[in-house]
Each structure stands twice: as C-alpha cells, then as structure tokens.
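> Predicted structure and sequence below. I'll ask about it afterward.
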Amino acid sequence: MLSPLTHDDPATVATYRLIARLGSGGMGTVYLARTPGGRTVALKTVHARLATDPAFRSRFRLETDAARIIGARHGAAVVDADPLAETPWLATEYVLGPPLDDAVALGGPLPEPTVRALGAALAGALAQLHSSDVVHRDLKPSNVLVTAYGPKIIDFGIARAAGDDHLTRTGAAAGTPAFMSPEQASGEEHTPAGDVFALAGVLVFAATGHGPFGTGSPADLLYRVRYAEPDLTGVPESLLPLLTACFAKDPAARPTTHTLTNHLHDGHGEFADHLPPLLLADIARRATDVWLHTPHRLPAPAESATTATVPSTPLSRRRALTLGGGSLLGLAGAGAGVWAWLGTRTSDTGSPGAPTATGPTAIPATTATDGAPKALWQGSSLDREERTTQLLAGDVVGFAETVSFRVLDPKDGSVLWSDSMVMEPHQVTTDGTSFYLSDGPLEKAGALKIRTIAPRTGKEAAKTIELKGFDGSSSGTELLTAAGGTLFAASRRGDHSIDSDVNQTGWHLLAVNLRTGKEAWRQAYEWDGVRPWLAQVSGGRLILGKNSGDLDSFLVQALDVQTGRRLWQRRLPLKESAQFIPGQLAIDERHAYFGGDRLRALRLTDGGIAWEYGSGSADTSYGVPAVSGGIVYAQENRDTPGLVAVTADLGVRRWTESPSGRTLTPDFFASPVVGERYVYTPVRGGLSAVDLDSNRSAWVFPTDAGRFVVDKERTRIIGAGKTSVVAIPYA
Amino acid sequence: MEQARTREESARRIGPYRLITRLDPPTATVSCRRFVACTRDGERTVLLNTPLPGTDPARFATEADAARRLLGPWIAPVTDLAAPGESPWYATPYVPALPLPVALAVHGGPLPEGSVRAVGVALAEALAAAHAQGLTHAGVSPAAVLLTADGPRLSCFGAVRAAGPDGEARTGLPGLEPGALAPEQASGGRPRPPGDVFALGAVLAYAATGHTVPERDELPSALRPVISSCLARDPADRPTAADLMAALAPPTPHRTVLNSAGALLTPGWLPGRVVAALARQSSELLAAELPTDTDTATAPSSRT
C-alpha cells in the first residue's frame, strides 16, 4: 500500500510530484504522484540502469501500448507515458482494488458467485484484448486487480502483438510457470487460447487459494503444466466441466472467451453485488486511505547528509545526478543515479553517524555504531529474493541478481555496465578474469550460447560459444564455475518441441573448453528438481554440492576436471534442514568443509570424512564455514551462539567467540569472511567483526546485506542484501 | 457528481480552495451547499460547506464557528473556516463519502437492517458525546449523515439554529427536512438534545424505509420499538442518546462508551453498491484535473 518516499526518491518525475511509494520491484518503482492540476496517478518508473538497455525500453514501450489498448474499463487507464525519457515512466489511474492474490490472502478463497463474476469479466477483458491482436501471456493473480466495478488486468510486461516475437526471449523469462499454458511452457506460440488456459488457472486460484499446478521449482511447474492434470480440488462442482475444458493441453480444444463469458455468469446484478464483505471492505479502505495519506519522506541515512555529492536537499541526490549529471551516453552516469556514492571520509571518525543500511531492516540498538567503520559506498539492491551473487573478476565486482547482471567499480560503487538479458544469478559465472554469461534462446531449445565478457568494459572478449543440442534458457542451463580455461555448466539436452520428459531427463554436467569453444565432456545426471549447484575447482577436481531433491541431505561429489569421471560422491545429513542451508563451498587444498549437525571435513581425494567437530546433538548446529590460513571458522549454534575456530587439518578447537555484551543473532546461512585482524560474521541486522586477538565482537556494521565477498586487492568487503549493497573496509 | 458542472465551477474559488464538484444532487434537501474542493497545489482536499442562497450568512457563520468545538467519534471535524469579514464557509477533511439519500439511491432502496443499526449506534454515540459536552447538534437529517468506508460522519452542525432564530416557527424553511425536525423545534423552540434524538429516529426510519415519516408497519420489526420511541411527540418520552446506543447495539462483554459502534461497523456493514459508489467517487476525484493557473483558458491537456 502507500509507504513514505525514501530519502533518495526524486521529488518529481517529469511534471509529476511524487507523494508516496506504492511498490518496488526488479523493474522499477511505482509511485503515487500528482500532476500540477491535482490529478493523482500511479506512476511506474523503470530503473535507470535498466533504461539504458534497449531491450528493456522496447518492453516498456510495448507495455504502455498494451495498457492503452486494453483501456480504462478492463485495465488501468493510461494518463500519459514517456518511454523515451532517461527514466522511462508510465502514468496510469491509481486503481482502487487489491491484486487477486492479496484478496485471497486476506479473506481466503472466494465464493462461487464471485469467481463466476470475476471469470466472466476477465473473459470479456481478454476478448477485447484479443480482438486487438494482443495476447497477454502473463495472466496471473497478481496481475488482476479486483475493483468494485470489475477486475482490471495490469502488467503487460510481456504482452506483445500476435506474430511479433522479437521480444520472445525476455518474454519467456518473465513468464510465470504456475499460470503458463503448456504451449508457452514448451516454447511454442502462446495464442489467445493460451490466455484462456491461464484464466482458468487464475479462477482455480480464486476459488481454492492454490494454483492448478501447485508450487515448486520453475522446472517442476513447467513439467506439470505440460504433462500433468490440473489439481481442481476444492473447485465448486458446477465450475468443473468448464474449467476442465480450459485446461485442455490442445489449445484448439479449449473454449473461447465468448463461451466462458456466457457460461460463467448470466449478467444479473452489478459486479459489487457478488463480492464478499472482506473484499468490499478492503476496496473501501483503499478508496479512503489514499486521501488520508500525508506525503512524507524518510530521512537520509546520517552519513549521506554530510557527504552527499549534491548540496542541501538530501532527497534529490538521485535526481540531481540523473538530470544534472546529464550523461545519457555513459552507463556510469546512469548508474550513478541509482548508486548513492558515499565517499570515504576518514577524517571525521568521531562522528557517531556511521552509515546505516537503507531499507527497513531493524538494527538492534545494542549493535549501534561503536567503532564500526563507515561504508566506503553503498547503493540499493534490486533483488528482493535475496539471491544476489557477487562475482569478482579483474578489478570489478559483478552482482548477479534475479533481474539482471550489473558490474560495479569496487572503488566507488559506480556502475560500469549492466546486462538485463541475464535474468537469473545462475546465468553468470567467472574465472576471475572474465565473466561468462549464458543467455540462449529462452523459448526455443536448440543451442546453449556462452558469451565471454571483459570485466571492465562489458564488451565481448571472445567469440560467442554455441553448443548445439542444449537448452540454453534460464531454466535449462546453469553455469557453475570456470577455471583453467574450462567452464562447467549443468545443462539439459533435448528439443522442447518434441514431446518427451525434457524437464526431467537429458540433464548433463558439462565442461566447455573456453579456448576452442568445444565441449570437453558431458556426464548425464538425474534431475531431482533442486538447484543450484555449488561448484569449485581444487586440485584437478571439480567439487560440486547441492541439496538433495527431498531436502533431507546435502550431496557432495567430485569429478575429474579432465574427463568428467565421478571420483566420489557423499551424502551429508541435513537433519536440521530448516536450520541449515548450504551457501558457499569452503575448500582448501586438502579438504572441503561443511556445516550442518556437525562441522565436517571431507578429504578431496576420496570423499572420506577427515574429521568431525561437534556432538551432533539436536541442539547444536553449524553454519556455512569459511577456511583460511589453516583454520576453519563457522557459526556455532549453542547456548550463546557464536563463532568457533577449528584447525583445518585435524578439527581441533582453537577458540570460541567470547561474549561481547551484545546480543547477536548469527546468520547460519552465510559464510564468514576471514580477514587479518577480524573474522567478519553475518549477524541479523549487520556484519559483526570478531577480533582475532580478543575473540570478541569489536563492532557491528549495521546493514541488511547478508552475503559478503572480499576484494583483497582493494581491501574491501562487498555485501549484498535485500535492499542494499555496500562496501566496507577490510582489515 | 456531474462532470458538466465540474468545469463550470472549477473556475470558482472559495477561500484557499478551488471547487472540484458538488457533493449533493441538485434536488437534495440539505441545509448548506457542499462541495469537494482542494487547495491550489492539490495537496489538501476538503468538503467545503457554504450557506444556501437566500439564508442568513451571519447565522451560518456563528454555527460554523461553534462547530469547531464539536469533536468526537463519527463527527466530521471542522478544520478550516472563513476569516472574519469573508463570505462564510467551513471545511472538513475529505474522505470519500455519500450522503445517506445518495447511498439509498445507489443501493436501490432502503438499507439492510445491519447497516441501519450500525449507523444508528454510531450516530447515537456521536450525539451522546456532544450532549455530554453540553452541545446540541441541531442539524441531524438524512443528508447530514455521510457514509464513509469506516462508518458514518455527522455533518451540518447547527442547521436548525442557522435556519431561523428561536421563537419563530421553522416550518418550511429552506434546507430543513420536515420529517427530521422535532415538533418542538418546528414551532420555534430552542434546540435541545431530545430534538437530536427525534431527528436521529427520523434518519433511521429513512435509512430503513426510504421515508423520514414511515408508516409504522414499514419499519423492520426489530427496529420498530426503538425508532418509534425516538419519534415520540413529547420530548420527555424519547430515550437519551446513550439509551439509544444500548438499545441498538448488540450486547457484547467488552463494550465501552467509545467503541460500541465498532462492533457493528465490521466488513459488510455497507452494501456492495454503496462501497462501489464510494470507490467510484474516490477514483473520479483522484482523476480530477483542474486547470493550472497558466492555462485556465484551455482544458487540461495531456501528451497522450
């Protein structure tokens, strides 16, 4: 709903004064805004860094076109748009009604009359859209707003004119497997009949609270959409025949939108008559709250008020940079608009105002800024799923996020370049000298393409590698790691257009010679629905780890780098799987180290257990470890949780963290970062620096970042979290 | 809310506000003219009340000034007022609101009993609070009751006193709903709390039947005794506002003086079409675009 503007939101976009934030996601931010004439609108903006990508601009322009086509009755009325602005924006009416998924979350499944009225209205909306040769392609509960006068369909992020598939690639990546049509899931043409399939899924969700194909990994969902029967448990009996017909795998066998409208509802009464009380009350509240909102803005973090690169108003930094900075040409200029550069101010260390993370993470009062260093720079994270993976290559750091890949200069946090073709973190990897990106055709199988990218420039540094017969899409390929001129990937062989169990079969571990571009070896493996693989090369072995499909164990295996032959495999118990999710691999020249019910070292030679540390009792567990200088460090969950340091060769305890007087809640899922003076351990709300001399937490740097890597060259730790990315000094 | 009217009146300004639209349909019986208006910068939107043409602006101004003291639950608070010497007006913060007669019109007839009861308890609570402060509202009528998302709001404070001085018959004065005027006030008596209770009885009768003076058997049987008692000709026979709260609210163990209406104003208290009309009003006003100072001569333009 309405939330205050943050300190770095602009004051205006075009002629619109911003009033409140309505939401923020991977693509951009939606604001409540007002025209000079007092009209209040929902203003959708695209992140500046995405706006530099022509493909994204095209999508945005298409979305605005589609929004105009569906019109005010069945969609959000378009007020104005400027897809060509430096920050492209779209102003629509502010729709007074919850998204269908929120409505169901609020009041439970909807009664049959509501489902029928909703279905008839949605079918009518689709009919209108289809008659204009537009197919929605992403109909799902969150894209349906339920107003008192009928549903409105929004977010045509992947809508396109029929027959026009130049956006196919991005389209498929943004699609939602749970409500996809089978033909869409197989990379074939999604016609109006595909929207009918999706509509039936939306109605099943409305009537039961669950999607027709359940939940799970995208690959699982895609499989079920294509081959499984929908789960119609809980659907009112009188709706079953019609909805079952909509779920026909053959598009031609599905009813038309016209048939749906006629069979769902006889048109009696007004739409509002069919809405349940809770939904009506929510609509009434939304209609009212927008008038009660007083515009205000969250204060800037203490530091930025003094080091802002623009004078006076802390709120207009971004605006000043994007407008005043002016560089339309350079990615860096656009990037600087997003990345609040905080600079290094070592001179006023006495100031109590260390930078805090932007965003809502509560920092416990006891972990205040006692002696913590100031951030070297910080910016916002765009990955609400917290899957950001930091990759160091050359003298830059890349952030692989769920929406794109962007590359920063670790010195000042400025964005060097970004690539929004990358939609998943596992589409990028590095060997430390280049980035490797896979962005094969997302809808049609047939080739895996790997691009080699120079870290600083973002330019292709070698010929694109193309491996025929593999599915290069984000759901069909995962880049694991690269080392010694070889890139390792997990990829699926097979052709989507052939009816076979391609989602479950055909998976291979794959090695690619980066010099010749040829496949070095492949090893088939059995898909169990769980990704990603964690991978690292050590001593001629590729060490791989992942959760098992049933999530009750962690699988570790070693392959011969040259031949792909499996050297050994081991299952480690994940007795407390809810407490422990492996994050990164900790490997030295002799062992690989793992947390869990015990801290364990596996011999790289044969996978045997070199040592175990800990009692294995139900009330102790160990977080993801880190190894450095012959010592393994891990968070130990005991009476007073804290870091434990164990010798790497024999697993003998060297020390445990002493209480510091702070109440710290360790994050067991993120590995510590080992420095020369401190071991940096992720804790709730920040990063705790455990002094290697005193074995106590010396200070806590407040941040919501949860994953950290070290750039030793530039002596900084780079963290990424739900709302922020940050660099702090490494010592 | 007629769009044709909007443009014609948008040129009009009252105090710091620019008029956007009227709240009441042209045929409504209401004691003042009510507009939705907003400040020039569009930041503050209010319900703006001005005297009816042909009534005494000074009496209106006196009541407007006194209305500032009326605070409490389910009251539309007066937050802004004409300066002395200016033509009188007063303003309350805008939230989407339908005058009760409009709500009946969009619903297509009398409101369900649950809605009537919820409105009744809330208004009784508002009157009980006013009476406890020694204030008589003297403006309760169907149009004075505004239905909003979370409950009713009582407006039009002092309409009876503004319409004519004590001691003179008030029958037939403009803006006064005859059925909601207690007999003792119609004959010129000074408005006192039992008159508010009478008017509330008329409002509830209106909500339940569509008339302020219903036939006895038109009333839902569960509400008949309590509404009839409010409409007693002799003020001494009417219940107090506090009595009414107890009579209308279902007994609950946690009821306190200040939240008795809350138990009734739960989701579903307003019929669907009334909610829909509130939402439509809200969206239309959100979409309202007034000419900016620089282009008052031309219609609002858009680059679309």
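Done, it's in. Numbers count the residues shown, from 1 in each chain, chains lettered A, B, ... in the order given.
> Up against chain A, what does the stretch 151-300 of chain B have?
By CB under 8 Å from any CB of the partner chain, the part of the stretch 151-300 of chain B that sits against chain A consists of B:266-268, B:270, B:272-273, B:275-276, B:278-283, B:286-292, B:300. For glycine as for every other residue, the C-beta is placed from the backbone atoms N, C-alpha and C.
> Try it again at 6 Å.
Counting by CB under 6 Å from any CB of the partner chain, the residues of the stretch 151-300 of chain B lying close to chain A are B:267-268, B:272-273, B:275-276, B:278-279, B:282-283, B:286-287, B:289-290, B:292, B:300.
> contacting residues around the residue of chain A positioned farthest from its centre?
In chain A, counting by CA atoms, centre = their mean, A:His268 sits farthest out from the average C-alpha position, at 43.6 Å. Under the criterion of CB atoms under 6 Å, 6 or more residues apart in numbering or on different chains, the contact list for A:His268 is empty.
> Hmm, A:Glu424 and A:Asp439 touching each other?
No - A:Asp439 lies out of contact with A:Glu424 (CB atoms under 6 Å); the separation is 9.9 Å.
> hey, where'd the helices end up in the chain?
Since you didn't name a chain, this refers to chain A. Counting by DSSP state H, chain A has helices at residues A:48-51, A:54-74, A:100-107, A:112-131, A:168-174, A:182-185, A:192-208, A:218-227, A:240-246, A:257-264, A:277-292, A:302-307, A:317-319, A:331-338.
> right idea, wrong chain: chain B
Going by DSSP H, chain B shows helices at B:3-10, B:57-67, B:100-107, B:113-132, B:159-163, B:183-186, B:193-209, B:224-230, B:241-248, B:272-287.
> Which among these is found nearest to A:Asp412?
Closest of those to A:Asp412 is helix B:272-287, at 41.8 Å (criterion: CB to CB).
> Domain map for chain B?
Per automatic domain parsing, the domain ranges recorded for chain B read B:3-56+B:76-96+B:276-293, B:98-272.
> who's in contact with A:Met180?
For A:Met180, counting by CB under 6 Å, 6+ apart, the contacting residues are A:Val225.
> meant to ask about A:Asp667
Here A:Asp667 is in contact with A:Pro682, A:Gly706 (criterion: CB under 6 Å, 6+ apart).
> where does it land on pLDDT?
Looking at A:Asp667, its pLDDT stands at 80.
> Give me the neighbour count for residue 264.
This is for chain A. 22 (other CB atoms under 10 Å in any protein chain shown).
> right idea, wrong chain: chain B
Count around B:Leu264 with other CB under 10 Å applied: 20.
> give me every residue that touches A:Ser380.
Applying CB under 6 Å, 6+ apart, the residues near A:Ser380 are A:Ser724.
> Who is it paired with across the strands?
A:Ser724 (DSSP bridges).
> ok, back up a step: and A:Gly234, which of the domains of chain B is closest to it?
Nearest to A:Gly234, of the domains of chain B and by CB to CB, is domain B:98-272 at 22.8 Å.
> From start to finish, how long is that closest one in a straight line?
The first residue of domain B:98-272 is 13 Å away from its last residue (CA to CA, to the nearest Å).
> List, one by one, the residues from chain A near chain B.
A:34, A:36-40, A:80, A:94, A:96, A:148, A:270, A:272-273, A:275, A:277-278, A:280-281, A:283-285, A:287-288, A:291.
> Can you turn the buried subset of the residues you listed into a selection I can paste into PyMOL?
A single PyMOL command suffices to select whichever of these are buried according to 16 or more other CB atoms under 10 Å in any protein chain shown:
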select buried, chain A and resi 34+36+37+38+39+40+80+94+96+148+270+272+275+277+278+280+281+283+284+285+287+288+291
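> And B:Val30, how close does it get to B:Ile14?
As judged by CB to CB, to the nearest Å, B:Val30 and B:Ile14 stand 17 Å apart.
> So which of those two has more stuff around it?
Shown here are B:Val30 and B:Ile14; by other CB under 10 Å, B:Val30 has more neighbours (24 against 19).
> so the more buried one touches B:Asp24, yeah?
Yes - with contact defined as CB under 6 Å, B:Val30 reaches B:Asp24; the gap is 5.2 Å.
> coming back round to it: turn the helices of chain A into JSON lines, including mean pLDDT.
Below are these laid out as JSON lines (pLDDT from 0 to 100):
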{"stretch": "helix A:48-51", "mean pLDDT": "73"}
{"stretch": "helix A:54-74", "mean pLDDT": "80"}
{"stretch": "helix A:100-107", "mean pLDDT": "93"}
{"stretch": "helix A:112-131", "mean pLDDT": "94"}
{"stretch": "helix A:168-174", "mean pLDDT": "34"}
{"stretch": "helix A:182-185", "mean pLDDT": "85"}
{"stretch": "helix A:192-208", "mean pLDDT": "96"}
{"stretch": "helix A:218-227", "mean pLDDT": "81"}
{"stretch": "helix A:240-246", "mean pLDDT": "96"}
{"stretch": "helix A:257-264", "mean pLDDT": "94"}
{"stretch": "helix A:277-292", "mean pLDDT": "95"}
{"stretch": "helix A:302-307", "mean pLDDT": "41"}
{"stretch": "helix A:317-319", "mean pLDDT": "26"}
{"stretch": "helix A:331-338", "mean pLDDT": "23"}
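> Name the nearest residue to the single nearest residue of the stretch 201-304 of chain B relative to chain A, sequence neighbours excluded.
For the stretch 201-304 of chain B and chain A, the shortest gap (CB to the nearest CB) falls at B:Gly268, measuring 3.1 Å. Once flanking residues are discounted, B:Gly268 sits nearest to A:Pro277: 3.1 Å by CB to CB, 6 or more residues apart in numbering or on different chains.
> Next: A:Ala281.
Per CB to CB, 6+ apart, closest to A:Ala281 is B:Pro267, 3.6 Å.
> Equivalent analysis for A:Ala193, please.
A:Ala193 sits nearest to A:Pro251 (CB to CB, 6+ apart), 3.7 Å away.
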